[in-house]
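Asks: Next input, structure requested:
(chains A and B)
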Protein chains: 2
Amino acid sequence: MNTNFSDFSDIRICDYSIEEYEQIIEKFHGNKAPGLLIGGFMVDLARKNLPAGQFFDVICESAKCLPDAVQVLTPCSIGNGWLKIIDIGRFALTFFDKHNGNGVRVYLDTEKVKKFPEVYHWFFKIIPKQEQNTSVLLNQIRSAGTELLSFQKVKVNTAPFKKEKGSTVVICPKCGESYPAKDGKMCRVCSGEINYMAD
Amino acid sequence: MNTNFSDFSDIRICDYSIEEYEQIIEKFHGNKAPGLLIGGFMVDLARKNLPAGQFFDVICESAKCLPDAVQVLTPCSIGNGWLKIIDIGRFALTFFDKHNGNGVRVYLDTEKVKKFPEVYHWFFKIIPKQEQNTSVLLNQIRSAGTELLSFQKVKVNTAPFKKEKGSTVVICPKCGESYPAKDGKMCRVCSGEINYMAD
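Replies: Numbers count the residues shown, from 1 in each chain, chains lettered A, B, ... in the order given. So this is what the prediction gives:
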C-alpha cells in the first residue's frame, strides 16, 4: 500500500507529521493499526485542550491499541504508572491533573463516525476484515482527523490512584524470590493463588 | 551525575550499547530507573536463550518499571497484547511461544544480589532513598549485568491467553458511546459498575 502523504502534509499529531507518527506506531506496535491512527488524533486533541506545560496522567478506557498511542506521544507509560488502563471497552482517553482531578476526556463520537462509511464499517465490524479496503480506511481516518471525536471537561476521582507507599520487599521462604510483604507469608505463586505455568 | 560509559563500552543490551539503552529508557520512561536498567539485562538474557527469530509473548510479573524494558526492547507492547502483566510483585519476566507455551523465565536472584551491596540495599529498601548513592547504584548494576539474574526453562499454560474472538461493538442506549456487546444492555459506566469521575 503506497500512501501519498503529500495529501496530508498539513496534518500534525503532537510533535510529528502524520507520516512520522505512522512510522513510530509501526515500529512500536508492529503495524499501522487504524485504532492507533485515531488514537494519535485523540492524544493531539486532548493536549490542545490542556494548559501547556501541565503534567497529567492518562486513563485509557480500552486495553487494545489505544494505550500505545499514549505511550508513544506522551511521557505516560504503563511502567511509570502515569498511564492507567480501565478496560471497559469504550474508545476514550482521559487526561487529568493528578492533584485536583481536572481534565479532559476525548472519545470516538458514534454520531460523527457515521459520516465516514469505511471507518464506521470497520469500527462496528459491519464488513468482514478480509473485505475491508485498508487503504481507503486509513485515508478516511487521516482525512477525518479530529472530526471523528468529541471531548468533554471532566473531574476525575483521584483517590484510587494515590500512590501507595511501596510495600517492604521480602524473600519468599518457599521459592526464594522477592515479593511484597503485604502479600502475606509467601509470594502469591507459592501460596497457590496464581500460577501461569502449565506444570 | 556524569557517567563514564567508556568503562562499560563492551556491554550490549539487545541491539544497543548500554549508553543508547539508557537514553531510550530516559526518553520513554522519564528517568533512568535502576529497575529498568536491570530489566534491560533481563530482556537481553531471555532473548539469548530463545531460538533466534522466534516470535514470543512476554509475561511481566510486576507492573512497575519492568514492563517498559520489554516495550522498548521487543515487539511486545501493552497495546498490541503481546506483553501481559500479571502483577504479583516478583521481579521476573517470562518469554514464551504462544502456540506451545515453551519459554524461559528470567528473575532477579536474591542470593546473587547480595554480592552487590548498593543494589541489595536499594532493592530491599534497606537504605532510605535520600541516603542512596544513585551513581554508585547504577554503576553496580551496569557492572553486575546478568550476574544479578537467574533463568529457568518453563512451560506456560497458554489457555488463558488465547485470543477471544472480538465482541460485537454496539452503541450504549444511555451515553451513546460504543462498547462491547458482551458487557450487556449498556456500557459498564452507565450500568453503574465502574465510575472513575468525581461527580
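Asks: Extract the CA atoms of stretch A:141-154 and return them as PDB.
Replies: Output of stretch A:141-154 as PDB, limited to C-alpha atoms (Å, rounded to 0.1, in the frame of the first residue of the first chain):
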ATOM      1  CA  ILE A 141      -9.100   8.300   9.100                       C
ATOM      2  CA  ARG A 142      -6.300  10.700   8.000                       C
ATOM      3  CA  SER A 143      -8.900  13.000   6.300                       C
ATOM      4  CA  ALA A 144     -11.300  12.900   9.200                       C
ATOM      5  CA  GLY A 145      -8.700  13.600  11.900                       C
ATOM      6  CA  THR A 146     -10.400  15.100  14.900                       C
ATOM      7  CA  GLU A 147     -13.800  15.200  13.100                       C
ATOM      8  CA  LEU A 148     -14.400  11.700  14.400                       C
ATOM      9  CA  LEU A 149     -14.000  12.900  18.000                       C
ATOM     10  CA  SER A 150     -15.800  14.800  20.800                       C
ATOM     11  CA  PHE A 151     -14.400  15.900  24.100                       C
ATOM     12  CA  GLN A 152     -15.700  17.000  27.400                       C
ATOM     13  CA  LYS A 153     -14.200  18.600  30.500                       C
ATOM     14  CA  VAL A 154     -14.200  16.200  33.500                       C
END
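Asks: Give me the contact list for it.
Replies: A:7-8, A:11, A:18, A:34, A:37-38, A:41-42, A:44-46, A:49, A:94, A:96, A:102-109, A:112-113, A:115-116, A:119, B:197 (C-beta atoms under 8 Å, 6 or more residues apart in numbering or on different chains). (C-beta placed from N, C-alpha, C; glycine too.)
Asks: If any of those residues are buried, put those into a PyMOL selection.
Replies: With 16 or more other C-beta atoms under 10 Å in any protein chain shown as the criterion, this PyMOL line picks the buried residues out of these:
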select buried, chain A and resi 8+11+18+34+37+38+41+42+44+45+46+94+96+102+103+104+105+106+107+108+109+112+113+116+119
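Asks: which ones among the contacts of stretch A:141-154 are found in helices?
Replies: A:Ile18, A:Pro34, A:Leu37, A:Ile38, A:Phe41, A:Met42, A:Asp44, A:Leu45, A:Ala46, A:Val119 (DSSP state H).
Asks: which non-adjacent residue is nearest the third one?
Replies: What it means is A:Leu37. A:Ile141 (4.9 Å; C-beta to C-beta, 6 or more residues apart in numbering or on different chains).
Asks: Determine the number of other residues adjacent to the one you found.
Replies: 22 (other C-beta atoms under 10 Å in any protein chain shown).
Asks: List the residues that contact the closest residue to A:Gly79 other than its chain neighbours.
Replies: Counting by C-beta to C-beta, 6+ apart, B:Asp68 is the residue found nearest to A:Gly79 once chain neighbours are left out, at 3.1 Å. Applying C-beta under 8 Å, 6+ apart to B:Asp68 gives the contacts A:Ser77, A:Ile78, A:Gly79, A:Asn80, B:Ile25, B:Phe28, B:His29, B:Leu36, B:Gly39.
Asks: And A:Ile194, by the same measure?
Replies: Applying C-beta under 8 Å, 6+ apart to A:Ile194 gives the contacts A:Arg188, B:Ile86, B:Ile88.
Asks: Out of the residues you listed, which is nearest to A:Val156?
Replies: B:Ile86 (26.5 Å; C-beta to C-beta).
Asks: What residues does that closest one make contact with?
Replies: Counting by C-beta under 8 Å, 6+ apart, B:Ile86 has contacts A:Ile194, A:Tyr196, B:Ile59, B:Cys60, B:Glu61.
Asks: Nearest residue to the most centrally placed residue in chain A in space, please, no chain neighbours.
Replies: The C-alpha lying nearest the average C-alpha coordinate of chain A belongs to A:Pro67 (C-alpha atoms, centre = their mean; 2.1 Å). Excluding its sequence neighbours, the residue lying closest to A:Pro67 (C-beta to C-beta, 6+ apart) is B:Gly79, at 4.4 Å.
Asks: Just to check, A:Leu137 is in contact with A:Val119?
Replies: Yes: between A:Leu137 and A:Val119 there is a contact at 6.6 Å, judged by C-beta atoms under 8 Å.
Asks: Quick check: neighbours shared by the two?
Replies: Contacts common to A:Leu137 and A:Val119, judged by C-beta under 8 Å, 6+ apart, are A:Pro34.
Asks: on that earlier part again, just the contacts of A:Ile194 now: which is nearest B:Cys175?
Replies: B:Cys175 has its nearest neighbour among the contacts of A:Ile194 in B:Ile86, at 31.6 Å by C-beta to C-beta.
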